[in-house]
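Peer 1: I'll drop the sequence and a predicted model, then ask my questions.
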Amino acid sequence: MKNRILHTALCLIVVLFSKAQQLPQYTQYMLNQMAINPAYAGTEEFPEVRSNNRQQWVGVTDAPRTYMLTLNGPIKAKHMGIGMNVYTDIVGPTRRTGISASYAYHLKVKEDMTLSMGLTGGLLQWGIDGNKLTIREEDDPSLSNVYQTTIVPDFGAGLYFRKAKQYYVGISIPQIYQAPIGLYDASKQSRVVSHFNISGAYSYSLNEEFVIEPSFLLKYVKPASPILDIGARVIYKDEVWAGLTYRTKDAVCFLLGYMFKNYLMVGYSYDFTTSNIKKYSSGTHEIMLGIRFSKKQATTWGRPSQN
């Protein structure tokens, strides 16, 4: 009951008064840039689908659960890309469900360098289940025991600069339009808040088999303090990887993954919590699944690898 009351209070602060991080958090952001930046759409040679499934703070009642599905692919003849994001983020009595479509234009700077400019737009549904709220005053008129929802427009923008097979850096502003939320009387002044993301990675070849890839993600939403994820993966033959990431004031994260014939990808991460929540939680689990649709790779499907 103590944990339930604590996280119900946290949910109300975040959702009703919109003064903190509103968007889902991902440890494996480097494997699904589409989840954080619309300008990524179509920057690869092939269409792809990625899914992030996250169970945060295992052991804490009503802790966050996030499910994300992204799709994107290129329109090569037009130097464009399109994509779509769908996610559900559940925290205690609150639920956020979003769906958006993305468009990106790719400007070739040099033969192997591209600047992508992206826009995204969609809808965001916020909901609170009043039956799950622990209320001090039972007759509090500002809250009720019914499930209340509201739908607001959602827009964002981003830039993504990439040198093929070497490095990238991206900037994105999700929720650029601060739409009013308006759930319950107490939240008439609450709004969707803009976020700012800066991400990047660099691939350095140690030899013909091993690559080390440092990466980072800096997240900021006013008035909260910036959050920095920084770490690196060691990748073997573009198939198997292991990595370590540190998130400021929150967690140390371990990553493992495997790519099968450049088609199917599975990634796993475990966050060891370093904040005070570690007293109540055994950590955070996240699974990432991906599939690429490539005609070139399809010719090798079901046949022994040529490597």
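Peer 2: It's in.
Peer 1: Give the partner strands of the helix or strand containing residue 150 in its sheet and their orientations.
Peer 2: In this structure, residue 150 sits in strand 147-163 according to DSSP states H and E. Strand pairing for strand 147-163, using DSSP bridges, gives strand 113-129 (antiparallel), strand 167-173 (antiparallel).
Peer 1: Put together CSV for those, with distance to residue 209 and mean neighbour count on each row.
Peer 2: C-beta coordinates here come from the backbone N, C-alpha and C atoms, glycine included. As requested, these are exported to CSV (distance: least, Cβ to Cβ, whole Å; neighbours: other Cβ atoms under 10 Å):
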stretch, distance to residue 209, mean neighbour count
strand 113-129, 26, 19
strand 167-173, 20, 19
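Peer 1: Which one of those strands has the poorest average confidence?
Peer 2: Per-stretch mean pLDDT for those is lowest at strand 113-129 (a mean of 93).
Peer 1: That one: how far from the chain's middle?
Peer 2: 11 Å (Cα atoms, centre = their mean, to the nearest Å).
Peer 1: Output that strand in CSV with nothing but the alpha carbons.
Peer 2: Below are the C-alpha coordinates for strand 113-129, written out as CSV (Å, rounded to 0.1, in the frame of the first residue of the first chain):
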residue,chain,number,x,y,z
MET,A,113,26.8,12.0,-45.9
THR,A,114,23.1,12.8,-45.5
LEU,A,115,21.2,15.4,-43.6
SER,A,116,17.6,14.3,-42.9
MET,A,117,14.9,16.7,-41.9
GLY,A,118,11.8,15.2,-40.3
LEU,A,119,8.3,16.1,-39.1
THR,A,120,5.8,14.0,-37.2
GLY,A,121,2.1,14.4,-36.4
GLY,A,122,-0.5,12.4,-34.7
LEU,A,123,-2.8,12.0,-31.7
LEU,A,124,-2.1,11.3,-28.0
GLN,A,125,-4.7,9.9,-25.6
TRP,A,126,-4.3,10.5,-21.9
GLY,A,127,-6.3,8.5,-19.4
ILE,A,128,-6.7,8.1,-15.6
ASP,A,129,-8.6,5.3,-13.9
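Peer 1: for residue 228, which residues make a bridge with it?
Peer 2: Under the criterion used here (DSSP bridges), residue 228 is bridged to residue 218.
Peer 1: immediately after the helix or strand where residue 67 lies, which helix or strand?
Peer 2: Using DSSP H and E, the element containing residue 67 is strand 65-75. Downstream of strand 65-75, the first helix or strand assigned by DSSP H and E is strand 80-91.
Peer 1: Relative to that next one, what are the paired strands and their orientations?
Peer 2: The pairing partners recorded for strand 80-91 under DSSP bridges are strand 65-75 (antiparallel), strand 94-110 (antiparallel).
Peer 1: Tell me where the model's unsure across the stretch 51-200 of the chain.
Peer 2: Counting by pLDDT under 70, the stretch 51-200 of the chain has low-confidence residues at 132-145, 184-189.
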